[in-house]
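Participant: how would this look folded up:
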Amino acid sequence: MRVLLTLPPPGGHYRVPPLGLLYLAGALRRAGHQVVLHDPAVERGGLRGIARRVREARPGLVGVSAHSSDWRVAQGILQAARDAVPGAVRVAGGAHVSADPGAVAASGGVVQYGVAGEGEGPLVALADAIERGGAIAGIPGVVDPAVPVAAGRFAARWVPEDLDALAMPAWDLAPPGRYRGAPQGFAFRRLPIAPILTSRGCPHACTFCGGAAVTGRRFRARSPASVLAEVADLVARFGVREVHLVDDAFATRRDRALEILDGLAGMDLALSFPNGLRADAIDDALASALRRAGTHTVNLGIESGSPAVMARVAKGLDLDAVRCAASRLKAAGIEVGGFFLLGLPGETVRDVEGTVRFAMDLPLDRAHFSAFLPLPGTEATRQAVAEGGVPEDPSLLRYDAVPWAPAAIGRARLKALQRGAFLRFHLRPRILWGLARTLRTPAHVLALVSRASSYLGRGPR
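Facilitator: All right, here's what the predicted structure looks like:
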């Protein structure tokens, strides 16, 4: 069967190969299916371009991956696919379907099936069943709208135990050299860049994080040999000069992390961690290994400067560990970014202001102040729903928007606090000079301007 995979157009900040779709493509090819990839990040035409590609490819199955903020656009893509090739089976997967499988039935037939959680096994089984006329009911990870899913319940999942046994991403469908804009995490040193995933699952239980809906909380890891072989192949075939490790919990197994870093140290590559590392995992030995491997930037998932807030969200991270980690990384010659969440359930204006002060006191080079998002399926979202005001429209769940705020703050005030946090942190000579030094291309400059305007733009109405 010919399968066309796509995703909604990017919002303007990032241009990165769609790693999740490349894993799906690799699995489908191994099973004997043909795969066409249409990535709006590098293909022109928007929704019309996707419809045109569907008409040209005449696939038997069209699959789209979407976050909650993209869910309406994803349905528009599948509607366009239905109009272009009525016989093609329409499938949606990704974070939104994984967290809210009931969204498949709620699409009114636009989405015929969903794939919840890790998708390689379910999508291959679904394509096989469609091609051969087999039974679809009961395939783990496949959401059938005819089977009701209780609110707040996840569909049964397919969970790969041996990640080394998975097919490698189909990198030929998205050569890294085509992606010349700003990468995830913004900072880079060399082009072309390839994102690499070395593990799945995060053992931590942060109440605001939606990652568990996709990959669960059980940490599973590729072997260092598998990771290093993929990197060597990317260098040999595509001339990759920088690698971004996009794991949720890379340093969970310290010995494995050090072995990967030692292997990368001999490859003369630049390295970055845009998704972040746990601050309490960074000791002097790991900081030194990161630097030897060519690491130029590490982001830290910090979230708040309030110990009480950190306890409420079950972060399990001491603020002193954050200070030590940032200092160790800076001493090793690595730039440090910080991720912060503003407006978590139960927060006050005083809590938010304390977080901004904490960020400014740390030796950070960049800081990302996101408004809390009530993502489907999380404990923090349940707390927000109990307080009231959570929007029904998932397209509002964007980090630059303020879709919800604690009653003690209010959405307009939270947007003003977010705006002020960005300005206070970044409009300092040291930070501005550092940002100027990191800009590499005109596209990089445009991405910075776009990102700044979205976060500083008009607030809730």
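Participant: Just the strands from the stretch 101-250 of the chain, written as ranges.
Facilitator: With DSSP state E, counting those that start in this stretch, the ranges of strands along the stretch 101-250 of the chain come out as 113-115, 142-143, 193-196, 199-200, 220-221, 242-245.
Participant: Tell me which helix or strand comes right after the last one.
Facilitator: Counting by DSSP states H and E, the element after strand 242-245 in chain order, helix or strand, is helix 254-264.
Participant: List the buried residues in that following helix.
Facilitator: Applying a neighbour-count criterion of 16 or more other Cβ atoms under 10 Å, one finds Arg256, Ala257, Leu258, Glu259, Ile260, Leu261, Gly263, Leu264 buried in helix 254-264. Using the backbone N, CA and C atoms, a C-beta is placed for each residue, glycine as well.
Participant: Need the mean per-residue confidence for it.
Facilitator: Across helix 254-264, the average pLDDT comes to 98.
Participant: what sits up against the following helix or strand past that helix?
Facilitator: For helix 254-264, the following helix or strand on the C-terminal side (DSSP H and E) is strand 270-277. Residues outside strand 270-277 that contact it (Cβ atoms under 8 Å, 6 or more residues apart in numbering) are 183-190, 241-248, 250-251, 264, 290, 293-301, 325, 339.
Participant: try 6 Å
Facilitator: For strand 270-277, the external contacting residues (Cβ atoms under 6 Å, 6 or more residues apart in numbering) are 184-185, 189-190, 242-246, 251, 293-301, 339.
Participant: what lines up beside it in the sheet?
Facilitator: Taking DSSP bridges as the criterion, strand 270-277 pairs within the sheet with strand 242-245 (parallel), strand 295-303 (parallel).
Participant: Using CSV, list the CA coordinates for the last one.
Facilitator: Output in CSV follows, covering the C-alpha atoms of strand 295-303 (Å, rounded to 0.1, in the frame of the first residue of the first chain):
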residue,chain,number,x,y,z
THR,A,295,27.9,20.5,23.2
HIS,A,296,27.4,24.2,22.8
THR,A,297,23.9,24.5,24.4
VAL,A,298,22.0,22.7,27.1
ASN,A,299,18.5,23.7,28.2
LEU,A,300,17.3,23.0,31.7
GLY,A,301,13.7,22.3,32.5
ILE,A,302,13.4,24.5,35.6
GLU,A,303,9.7,25.5,35.6
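Participant: who's in contact with that strand?
Facilitator: By Cβ under 6 Å, 6+ apart, the surrounding residues in contact with strand 295-303 are 187, 189, 270-273, 276-277, 279, 315, 322, 329, 334-341.
Participant: switch to 8 Å and redo it
Facilitator: Residues outside strand 295-303 that contact it (Cβ under 8 Å, 6+ apart): 185, 187, 189, 206, 208, 270-279, 282, 290, 309-310, 313, 315, 317, 322, 325-326, 329, 334-341, 344, 358-359, 362, 365, 368.
Participant: Just want the angle from that strand to helix 254-264.
Facilitator: Between the axis of strand 295-303 and that of helix 254-264 there is an angle of 150 degrees, by axes from the mean of the first three to the mean of the last three Cα atoms, to 10 degrees.
Participant: after strand 295-303 comes which helix or strand?
Facilitator: Once strand 295-303 ends, the next helix or strand along the chain (criterion: DSSP H and E) is helix 307-312.
Participant: Can you check which of the strands of the stretch 101-250 of the chain gets nearest to Gly420?
Facilitator: Of all these, the one in closest proximity to Gly420, counting by Cβ to Cβ, is strand 242-245 (30.0 Å).
Participant: Tell me which residues of the closest one come out buried.
Facilitator: Glu242, Val243, His244, Leu245.
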